[in-house]
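> Here is a sequence with its predicted model. Questions after.
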Amino acid sequence: MMVPAFLRGLADAASQLRSVVEPSRRRRHQALAADFSAVAPAWRQIAEGLPNSGAAGEAWILSSISGPWAYKLELVLAMAFRADGYTPRVVAFDHDPWRRQYHSLAGIDRTDDFRLFLRCDDVPADVVDAFRRQPTASTLLALQDRRVDVGRIALSNYLYRHKFSRLDLTQPETRAEMETELVRVQRNVRAAERLLAVRRPKIAVIIEKGLSPSAELFGAAVAAGVPVFQITNAQHADDFMLKRFAYDDRHRHPFSLADDTWQSVLRMPWSAEREKEILDEFERDYREGRWFNRKFLHTGKSIKSAADVRRQLDLDPSKKTVVVFSHVLWDATFFYGKGLFEDYESWLVETVKAAVNNPRVNWVIKLHPDLVWKLKYEKARGKLRDLLVIEAASGALPPHVKLVLPETDIDTYSFFEITDVCVTVRGTIGIEMACRGVPVLTGGTGRYSGLGFTVDSDSPQAYLDRLANIEALAPMSLEERERARRYAYAVFRLRPWQMRSFEMLRRPLGETGHPLDMDVRPAPSMSSATNFFDAADIRELRLWVSGGRVDHLKALPNP
């Protein structure tokens with residue numbers, strides 16, 4: 001019997017897909033098998049002497065990232081839980097046999113598969129109906145079901161899947177996909193509630209809480225009163241931010257300061273020496289290539305003099321210079337505050353238009369350096385979406401507007417000396433610039449807006465009016481600069497948990513995508529349960545977990 005042509009085409013496509021996927025799977029399996037054999041004895045040696053009492057109840061590890069570095073970081077957390085009398089239980093969201101293998105090294109023998117709690121539930125239509133009535137990103141950010149932010153999760157999922165195209169909710173196919181996503185997220189919420197009904201942990205920990213289905217379990221847990229803390233990378237390779245979330249602060253950035261923390265920071269003794277500490281740390285980290293280097297921000301870049309930067313960018317020395325620090329358009333930071341515009345793309349377009357219309361200053365549009373490694377990781381090809389939207393909005397840029405691409409050889413530190421005004425929505429650069437006395441104009445709320453050292457606008461028009469007359473923006477006062485430096489001191493010197501008993505390793509940029517491009521290994525001094533109990537960093541972690549504070553924070557300095 002003759003096989004139809006379309007079936008032959010499907011078979012050929014499936015065969016081509018297997019020819020790509022299968023070798024990749026084999027390489028991953030071989031790499032992880034070799035790694036597991038090499039590292040298992042060291043991890044087991046540490047875990048063997050830890051208690052298994054379970055008297056404190058269950059501590060859940062919401063295993064939201066699939067990969068050996070995440071599993072090994074979860075091993076550290078699981079062993080800390082065991083040391084405090086908890087029974088670690090892993091919640092897995094996909095099937096990776098290596099997850100169970102690595103987790104067994106910490107004596108974890110309890111795992112739940114989230115997918116087993118999924119049902120084809122009929123979900124209420126009110127969420128989708130609300131979106132249909134007003135299909136905007138703002139509507140999605142406000143949509144809830146059973147006190148879980150289902151619209152926010154659906155939007156996050158969509159942006160992550162469609163990184164290289166603009167969110168256009170005027171298109172019927174986009175709205176249809178979003179409606180399907182909303183129903184899927186609602187069903188995930190019900191699965192999360194079933195899991196929580198079967199057993200309820202005393203505490204839970206998560207690395208990534210912004211995407212399905214871990215986002216739904218995070219949301220359902222805090223809605224049910226279960227404290228969940230997030231561990232995420234800080235500015236240095238072996239440093240982490242720890243933040244405990246309850247329902248009311250579930251949208252806070254992990255780098256943010258809780259209100260009581262900020263008030264304590266404002267009251268702590270302050271001095272010129274302390275200001276120098278934080279400024280020196282910025283400079284030292286940039287010059288040594290340590291500042292957020294897990295993102296390869298300094299690879300292929302050099303710190304240049306102000307004169308060299310002005311010459312390279314052909315800036316008019318008679319004018320002030322405004323630097324616009326763009327965001328990764330699909331980045332999760334979009335959700336850590338309320339933007340003046342629908343998304344980062346709209347903000348970038350309107351900001352570039354304003355720059356084109358104000359030739360009284362130099363404008364530098366600096367695209368985010370994260371794009372270098374993120375695009376490599378995503379194996380992206382073709383023209384940057386950022387460039388496409390700028391060109392569509394403005395055409396050829398006039399001479400007073402300069403575009404700096406992510407792969408520039410100019411290190412970000414070089415821009416501090418030439419910037420008279422910094423423009424961002426909520427990027428970390430806003431903290432750094434304000435510390436140096438550079439006025440920071442924000443395009444939305446975030447972790448540091450409203451704290452007395454940024455120029456914030458309450459509407460898009462107020463923001464655009466400021467851009468139109470940005471050369472007249474007042475310089476920062478001494479009080480504003482001190483507030484910025486206090487904030488930076490707390491975030492970058494007091495907030496990080498410095499993991500020294502275990503080491504975070506990262507392969508070079510050219511090996512991004514390797515199964516072990518990131519890794520966690522015990523330090524040479526970490527060879528037994530006794531070492532683990534006695535380690536200062538592990539004691540600090542355990543004390544914070546048991547203490548109940550929102551922010552992990554070292555002791556405030558004495559006068």
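Received, thanks.
> need the contact list for residue 48.
residue 529 (Cβ atoms under 8 Å, 6 or more residues apart in numbering). Bear in mind the C-beta positions are built from the backbone N, C-alpha and C, glycine included.
> low-scoring pLDDT stretches of the stretch 301-450 of the chain, where are they?
Of all residues in the stretch 301-450 of the chain, those with pLDDT under 70 make up the ranges 329-333, 370-384.
> Tell me where it has helices.
Per DSSP state H, counting those that start in this stretch, the stretch 301-450 of the chain carries helices over the ranges 306-313, 344-356, 371-378, 385-394, 429-435.
> Of all the ones you listed, which one is nearest residue 81?
Evaluated with Cβ to Cβ, the helices of the stretch 301-450 of the chain place helix 371-378 nearest to residue 81, the distance being 30.6 Å.
> out of the helices of the stretch 301-450 of the chain, nearest to residue 482?
helix 429-435 (9.7 Å).
> what's the closest one in contact with?
Against helix 429-435 from outside (Cβ under 8 Å, 6+ apart): 278-279, 282, 325, 412, 416, 419, 422, 424, 440, 442, 446, 448, 453-454, 476, 480-481, 484-485, 487-488, 491.
> Okay, strands next: where are they in the stretch 351-500 of the chain?
Assigned by DSSP state E, counting those that start in this stretch, the stretch 351-500 of the chain shows strands spanning 362-366, 401-404, 421-424, 440-442, 497-498.
> now for those, which one comes closest to residue 77?
strand 497-498 (11.2 Å).
> Quick check: neighbours of whichever helix or strand comes after that closest one in the sheet, parallel or antiparallel?
Remark: after strand 497-498, the chain's next helix or strand is strand 502-506, criterion DSSP states H and E. Using DSSP bridges, the strands paired with strand 502-506 are strand 518-522 (antiparallel).
> so after the partner strand, what's the next helix or strand?
Scanning forward in sequence from strand 518-522 by DSSP H and E, the next helix or strand is helix 529-534.
> Contacts for that next one next, please.
Contacts for helix 529-534 (Cβ under 8 Å, 6+ apart): 46-50, 79, 83, 501, 525-526, 538-539.
> hmm, which two among the residues you listed are most spread apart?
48 and 539 (19.8 Å).
> circling back: quick one: which of the helices of the stretch 301-450 of the chain is nearest residue 174?
helix 344-356 (13.9 Å).
> for the closest one, packing partners?
strand 321-325, strand 362-366, helix 385-394, strand 401-404, helix 460-468 (3 or more Cβ pairs under 8 Å, 6 or more residues apart in numbering; DSSP states H and E).
> now with 7 Å?
Under the contact criterion of 3 or more Cβ pairs under 7 Å, 6 or more residues apart in numbering; DSSP states H and E, helix 344-356 touches strand 362-366, helix 385-394, helix 460-468.
> ok, and which of these has the densest surroundings?
strand 362-366 (a mean of 24; mean count of other Cβ atoms under 10 Å).
> Need the residues that contact it.
313, 315-316, 319, 321-326, 352, 355, 400-404 (Cβ atoms under 7 Å, 6 or more residues apart in numbering).
> Residue 541 contacts residue 497, correct?
Yes - the criterion here is Cβ atoms under 7 Å, and residue 541 meets it with residue 497 at 6.1 Å.
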